[in-house]
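> I would like the atomic coordinates for the input below:
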Amino acid sequence: MRETTVQDMSSSRARLGICLPIERRPAPSYDRRMPKLLLNLRNVPDDESADVRAFLDEHRVDWYETKPSIFGVSAGGIWLREPDEYERARKLMSEYQAARLIRVRAEHEQALRNGTAPTLLGELKSNPRKAFMVFAALALAAAVAAWPLLLMR
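Residues are numbered from 1 along each chain as shown. You can find the predicted model right below:
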């Protein structure tokens, strides 16, 4: 154990000349066999998470899923039980995501050509009540933010 010197300390103890020993503790250890998170399910579409589950089963990767919390603190995730499989699963996931990117972009471009892609006007027409509530909330937030400025006149 090493003892501190007056030069090491900048508190009032140093001014008084009191030296306390510094205790060195080993770094906390953890079980290296802990599960590894493969995919956080926040903002992941249902079809993508279903595809990931399917290809993990197809390639015999041992996984489990945690569900989202009630208050939205955790979005859930797909975890690997065996951390040794993480590299192989990440490689499979990269291949899947590259293929999905190409497929989804092609679908979106086709929807744009067909005129079936979602647009702001289409959303307003399909759900006018929701659109009104969003615009009303924005107007209320702007009014609350501007209120102090209006009172300063």
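> residues contacting the helix or strand where Ala143 lies, please?
Using DSSP states H and E, Ala143 sits in helix 128-151. Helix 128-151 is contacted from outside by Glu123, Leu124, using CB atoms under 8 Å, 6 or more residues apart in numbering. Quick note: C-beta positions are derived from backbone N, CA and C, even for glycine.
> can you give me the offset of it from its chain's centre?
29 Å (CA atoms, centre = their mean, to the nearest Å).
> now it: mean pLDDT?
In this model, helix 128-151 has a mean pLDDT of 92.
> pLDDT weak spots in this structure?
Within the chain, the segments meeting pLDDT under 70 span 1-32.
> what's the domain layout of it?
Following automatic domain parsing, the chain resolves into domains at 1-30, 36-142.
> would you format the ones you listed as a markdown table with distance to Leu150 included?
Below are those laid out as a markdown table (distance: least, CB to CB, whole Å):
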| stretch | distance to Leu150 |
| --- | --- |
| domain 1-30 | 51 |
| domain 36-142 | 12 |
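> can you list those in CSV and add distance to Met152 and mean neighbour count?
What follows is the domains of the chain, written out as CSV (distance: least, CB to CB, whole Å; neighbours: other CB atoms under 10 Å):
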stretch, distance to Met152, mean neighbour count
domain 1-30, 46, 9
domain 36-142, 17, 12
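> and the helices in this structure?
12-16, 46-58, 86-114, 120-126, 128-151 (DSSP state H).
> any chance of those helices in TSV, with distance to Gly77 too?
Below are the helices of the chain laid out as TSV (distance: least, CB to CB, whole Å):
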stretch	distance to Gly77
helix 12-16	47
helix 46-58	10
helix 86-114	13
helix 120-126	30
helix 128-151	29
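> Arg88 against Leu56, yeah?
No - contact criterion CB atoms under 8 Å: Arg88 and Leu56 do not qualify, at 10.5 Å.
> circling back to that earlier point, among the helices of the chain, which is nearest Arg33?
Closest of the helices of the chain to Arg33 is helix 86-114, at 11.4 Å (criterion: CB to CB).
> packing partners of the closest one?
Under the contact criterion of 3 or more CB pairs under 8 Å, 6 or more residues apart in numbering; DSSP states H and E, helix 86-114 touches strand 36-40, helix 46-58.
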